[in-house]
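Trainee: no FASTA, just this:
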């Protein structure tokens, strides 16, 4: 009876340990990216686009919100590093669009160094 109790406890311990290790291993390739984007004037629309073969929604513009934007997105490190181009765009009626671009390695390096993608473009009025 006592041997069976230790086997069950050992089995439960092993299952718990394997579960924790698999969860930690599965999350190691992901990174939370903080976005803090403002504009002068405020109220501009913010979008991002990722070009590359291994990225869901590749080539589509994804809306982040109106400035000021503070949000987070989760990315897989391998997808970002392999991306051909990552683009942020700020648009406001009556102003020229502002664009900021990175290759995958450059984007990942900025995220690793500063822990945030921070950008405050001063929008230029259009002549229309």
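Mentor: Nice, thanks for sending it over. Just so you know, these numbers come straight off a predicted model, no measurement behind them.

Trainee: For residue 55, give its distance to residue 66.
Mentor: Counting by CB to CB, to the nearest Å, the separation of residue 55 from residue 66 is 25 Å. Every C-beta, even on glycine, is put in place using the N, C-alpha and C of the backbone.

Trainee: Between the two, which has more neighbouring residues?
Mentor: Using other CB atoms under 10 Å as the criterion, residue 55 and residue 66 rank with residue 55 on top: 20 against 15.

Trainee: you'd agree the more buried one is in a strand?
Mentor: No - secondary structure of residue 55 (DSSP: H, G, I helix; E, B strand; the rest coil): coil, not part of a strand.

Trainee: Make 48 the first number, not 1, from now on.
Mentor: Fine by me, first position is 48 from now on; the one you just mentioned is residue 102.

Trainee: Show the contacting residues for the residue nearest to residue 154 when sequence neighbours are not counted.
Mentor: In space, and not counting its chain neighbours, residue 154 is closest to residue 133: 4.6 Å by CB to CB, 6 or more residues apart in numbering. Residues near residue 133 by CB atoms under 8 Å, 6 or more residues apart in numbering: 95-98, 127, 148-151, 154.

Trainee: Quick check: next helix or strand after the lowest-mean-pLDDT helix or strand in the chain?
Mentor: The helix or strand of the chain with the lowest confidence, counting by mean pLDDT, DSSP states H and E, is helix 49-74 at a mean of 49. Scanning forward in sequence from helix 49-74 by DSSP states H and E, the next helix or strand is strand 77-84.

Trainee: Can you list the helices and strands that that next one packs against?
Mentor: Packing partners of strand 77-84 (3 or more CB pairs under 8 Å, 6 or more residues apart in numbering; DSSP states H and E): strand 116-123, helix 124-128, helix 151-161, strand 164-166.
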